[in-house]
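S.K.: Pasted the sequence and its predicted model underneath.
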Amino acid sequence: MSSEGPVLEALTGRLAECPADFLAEPRLGGRGVVHTDAVVSDLLVDLGGAGLDRDAARPFAGEGKERRNLLRLVQVASWLLGDPWFAGARRFAVPASQWLASGLDETAGLVAADRFVTDPERREELVRACLAALGLRPEGESEAQAQDRLTALSSVERDRVVRATQAQLEHARKVREAMRRKAAEEAAAREIRE
Amino acid sequence: MSAVPADRLERNPLMTEAGYETWLRLVQHPRAPRWNYVVGDRVRAEDLPHVDALRAAVAARRPAAGAVPPPELCEWILRLRATVGSFHERVPEGFELQRDWAHVPTMSREDLVVRIDRVVPVGEDLSRLIVYDTSGTSGHALVVPHHPRDVAQAHALMEFALARHGATLRTGPDAVAAINLGAQEAHTVVFATTFAVWDQAGFAKVNLHPQEWRSLDDARGFFAELAPQLLTGDPVGFAEAAAWEIDVRPKALVSTALALSAAAAARLRGRFGCPVIDWYSTTETGPLAYSCPLAHGLHVLPPDVFVEALDADGFPAAAGERGELTVTGGRNPFVPLLRYRTGDWGRLDPSPCPCGDPAPRIVDLEGRRPVFFRDASGGVINAVDVGRVLRRFPVLQHEVVQRADGSCDVALRFLPGERAELGALDTELRGLLGPGTALTVRVDETLAERSRLGKVLAYRSELPSADDADPS
């Protein structure tokens, strides 16, 4: 966050106006319309870098529908990074590529991509995450302010995930213990067996 | 103070003295099979309103055809998303279920085998959890948690199906509601009980294996004297009952577990003089469908499930095309299902049925064809018995094939992190199949992918006689 970036509101406003095309279905296993890898490749060229080769394109393609939300989020993030401010700087292709390839997985597992367009708080979260990944802070903010705000936006969710994970671990232990114990006991009579 | 012994009340908490008399009449019957198990319905008073509620709902709210689940099921999914890990993973915050339903990733048996704690809701009271095991059609050995309440609710669904076929059960402690027939190796459980939801009517599960009875005459006498109103079981058991010349006139036969061919149904109808209801149910989902009284497929039965037919990628099969039957909903509090792939394949027909039930129909149901193997001397070996051997090992998925030359090929996937004890498994299977059967036992990791494509049948026989449901 050492460098000053663009105005926050300009980017959140851009997200709010994300065209429906960027939320269209990614190409997965022969279905869908958006070739996410092509979208990213074009973006990187616009940012002054090289397009994706076959290996670099792999994170942006796939088969299972489990990857759908991640690829849609990559598409939304690509729209965000398509802001002229980034293209004009001609130096963000590498960090942008890294962020798109590996920085969005956790978020995509929790929140539908649409939310980063429709929900003001989620828009700010994505913009701040994007700027941080590029080593930037919003214009007019100090590093400390930018870090605090980013932490506040993501920490609520992170805390919730941590609490849920702890509860899940305890739950897993109880379920497996109950299953083991009950497997040794008789069940209940059924009028018909499957 | 009740005359019902405490150990009986523990198993049948609502058993009355009259119910106890019924139970005694069954277990002390002079011609009874050799009982080897003690079990009850475990139903408590607080469960009964749930049974009544489903009884009312199944008649009043027939499942509708559609591309997305009804709003109440979508609300149920969003509610459970907070406590069910497997729902949370598939439905991220803000996901629009009605709009994007086809994109919800599916669940499979692997979720239940490997990640059951991600399926059981966090915070659910586990004190009444019971378990059933199964091997099913996609070949995953599986232990499924249930609640006595959802097991009891299945009775309400069966009552509806019986009524659709013109049969009404007489309940009460002086009635024997049903006998469940099996024809397996002599290891299966054999017991008698009563059902609180059928007002203490009697029930028995028996095995038509000569070792389980003192004589054939006893078996015939047992059935004749108890006059069960229903025979439940699979086509192999019914075929054995016919072969044993069991002489009963039930109100209906309810056939489950295996596909029942039209020819076999007609034979059974003629033999037992009653409607034959094909009952589609799995251990994971509970009852799903019953055969149309006019033989136009199987109508989806419960009002609280949404059934789809999906292609290999998990998208709805094209109209008129076969797909893997996939289930959302249900009433098992420990196993809420979100697009759960059953491993069974069929077509969904939403068109109106002349029988009058508006519920969509499953037609051309496949996946549970009756399978039996033969040992080197030609003796019948039920696939259930092979499954019992496999379940003693940490097998995740299996495919057992008997080739036309009699040799057997057993392909296995083991649970992650578990040792593949092929030698011990080989020894046990040889004990079952007999020394003269050529047997190959091997690890096959392609089962996962082939299963996803609907290409794994847990049991398959290529013997010339294998298509006949009657193993005699």
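M.R.: Structure received. Residues are numbered from 1 along each chain as shown, chains lettered A, B, ... in the order given.
S.K.: Strands of chain A, residue ranges please.
M.R.: A:3-4, A:136-137 (DSSP state E).
S.K.: Output these as CSV; include the columns mean neighbour count and mean pLDDT.
M.R.: In short, each C-beta sits where N, CA and C put it, glycine included. As requested, the strands of chain A are exported to CSV (neighbours: other C-beta atoms under 10 Å in any protein chain shown; pLDDT from 0 to 100):
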stretch, mean neighbour count, mean pLDDT
strand A:3-4, 14, 93
strand A:136-137, 23, 96
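S.K.: how much space is there between residue B:195 and residue B:39?
M.R.: With distances taken as C-beta to C-beta, to the nearest Å, residue B:195 is found 12 Å from residue B:39.
S.K.: which of the two has more neighbours?
M.R.: Between residue B:195 and residue B:39, counting by other C-beta atoms under 10 Å in any protein chain shown, residue B:195 is the more crowded of the two (25 against 19).
S.K.: correct me, but that one touches residue B:41?
M.R.: Yes - between residue B:195 and residue B:41 there is a contact at 5.3 Å, judged by C-beta atoms under 8 Å.
S.K.: packing partners for the worst-scoring helix or strand of chain A on mean pLDDT?
M.R.: Within chain A, no helix or strand scores below helix A:143-183, which has a mean of 84 by mean pLDDT, DSSP states H and E. For helix A:143-183, the packing partners by 3 or more C-beta pairs under 8 Å, 6 or more residues apart in numbering or on different chains; DSSP states H and E come out as helix A:120-133, strand A:136-137, strand B:130-134, strand B:142-146.
S.K.: how about 6 Å then?
M.R.: Counting contacts by 3 or more C-beta pairs under 6 Å, 6 or more residues apart in numbering or on different chains; DSSP states H and E, helix A:143-183 packs against helix A:120-133, strand B:130-134.
S.K.: For chain B, what lies in contact range of chain A?
M.R.: Residues of chain B lying near chain A by C-beta under 6 Å from any C-beta of the partner chain: B:39, B:41-42, B:92-95, B:103, B:105, B:117, B:120, B:122, B:126, B:129-132, B:148, B:151, B:178, B:193, B:232, B:254, B:256, B:281-283, B:313-314.
S.K.: Specify the local secondary structure of the closest residue to residue B:355 other than its chain neighbours.
M.R.: Spatial nearest neighbour of residue B:355, chain neighbours left out: residue B:294 (4.5 Å); criterion: C-beta to C-beta, 6 or more residues apart in numbering or on different chains. For residue B:294, the assignment made with DSSP: H, G, I helix; E, B strand; the rest coil gives coil.
S.K.: Distance to chain B for the strands of chain A - can I get that in a markdown table?
M.R.: Conversion of the strands of chain A to a markdown table gives the following (distance: least, C-beta to the nearest C-beta, whole Å):
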| stretch | distance to chain B |
| --- | --- |
| strand A:3-4 | 31 |
| strand A:136-137 | 26 |
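S.K.: Show me which residues of chain A are close to chain B?
M.R.: So far as C-beta under 6 Å from any C-beta goes, chain A lies against chain B at A:29, A:65-66, A:68-69, A:110-112, A:114-115, A:167, A:171-172, A:175, A:178, A:182-183, A:186-192, A:194.
S.K.: which among the residues you listed end up buried?
M.R.: Among these, those that count as buried by neighbour count (16 or more other C-beta atoms under 10 Å in any protein chain shown) are A:65-66, A:68-69, A:110-112, A:114-115, A:171-172, A:175, A:178, A:182, A:187-192, A:194.
S.K.: Residue A:1 is nearest to which of the helices and strands packed on helix A:143-183?
M.R.: helix A:120-133 (6.0 Å; C-beta to C-beta).
S.K.: what's the angle from the closest one to helix A:143-183?
M.R.: Here the directions of helix A:120-133 and helix A:143-183 differ by 110 degrees (axes from the mean of the first three to the mean of the last three C-alpha atoms, to 10 degrees).
S.K.: what's helix A:120-133 in contact with?
M.R.: Under the contact criterion C-beta atoms under 6 Å, 6 or more residues apart in numbering or on different chains, helix A:120-133 has outside partners A:5, A:11, A:12, A:15, A:80, A:95, A:99, A:103, A:115, A:116, A:150, A:153.
S.K.: what's the burial count for the closest residue to the fourth one other than its chain neighbours?
M.R.: Beyond its immediate neighbours in the sequence, the residue positioned closest to residue A:15 (C-beta to C-beta, 6+ apart) is residue A:123, lying 4.5 Å away. Burial measure for residue A:123: 23 neighbouring residues, criterion other C-beta under 10 Å.
S.K.: Phi and psi next, for residue B:166.
M.R.: Residue B:166 adopts backbone torsions of phi 80, psi 20, taken as degrees, to the nearest 10.
S.K.: for residue B:77, same thing?
M.R.: According to degrees, to the nearest 10, residue B:77 has phi -60, psi -50.
S.K.: ok, how many other residues are close to the residue nearest to residue B:355?
M.R.: Residues near residue B:294, counting by other C-beta under 10 Å: 11.
S.K.: With residue B:53 instead?
M.R.: Residue B:53 has 13 neighbouring residues, counting by other C-beta under 10 Å.
S.K.: ok, now residue B:319?
M.R.: Using other C-beta under 10 Å, the number of residues around residue B:319 comes to 10.
S.K.: Could you do the one 10 residues further on as well?
M.R.: The local packing count at residue B:329 equals 23, with neighbours defined by other C-beta under 10 Å.
S.K.: List the beta-bridge partners for it.
M.R.: residue B:305, residue B:337 (DSSP bridges).
S.K.: Was I right to think it contacts residue B:304?
M.R.: Yes - using C-beta atoms under 6 Å, residue B:329 is in contact with residue B:304, at 5.0 Å.
S.K.: Need the residues touching each of the two.
M.R.: With C-beta under 6 Å, 6+ apart applied, the contact sets of residue B:329 and residue B:304 do not overlap.
S.K.: Might you list the low-confidence residue ranges for chain B?
M.R.: B:1, B:135-141, B:186, B:257-259, B:367-370, B:451-456, B:465-472 (pLDDT under 70).
S.K.: any idea how it splits into domains?
M.R.: The record's domain parsing of chain B by automatic domain parsing lists B:6-64+B:141-366, B:372-461.
S.K.: Endpoints of the first one, how far apart?
M.R.: Meaning domain B:6-64+B:141-366. Using C-alpha to C-alpha, to the nearest Å, the end-to-end distance of domain B:6-64+B:141-366 comes out at 45 Å.
S.K.: any idea how far the spatially most central residue of chain A lies from residue B:447?
M.R.: With distances taken as C-alpha atoms, centre = their mean, the residue of chain A nearest its centroid is residue A:104 (3.2 Å). Between residue A:104 and residue B:447 the computed distance is 33 Å (C-beta to C-beta).
S.K.: ditto for residue B:384
M.R.: 20 Å.
S.K.: repeat for residue A:179
M.R.: 23 Å.
S.K.: More neighbours: which of the two?
M.R.: residue B:447 (22 against 19).
S.K.: Please name the bridge partners of the residue nearest the centre of chain B.
M.R.: By C-alpha atoms, centre = their mean, chain B has its centre lying nearest to residue B:282, at 3.8 Å. Beta-bridge pairing of residue B:282 under DSSP bridges involves residue B:286.
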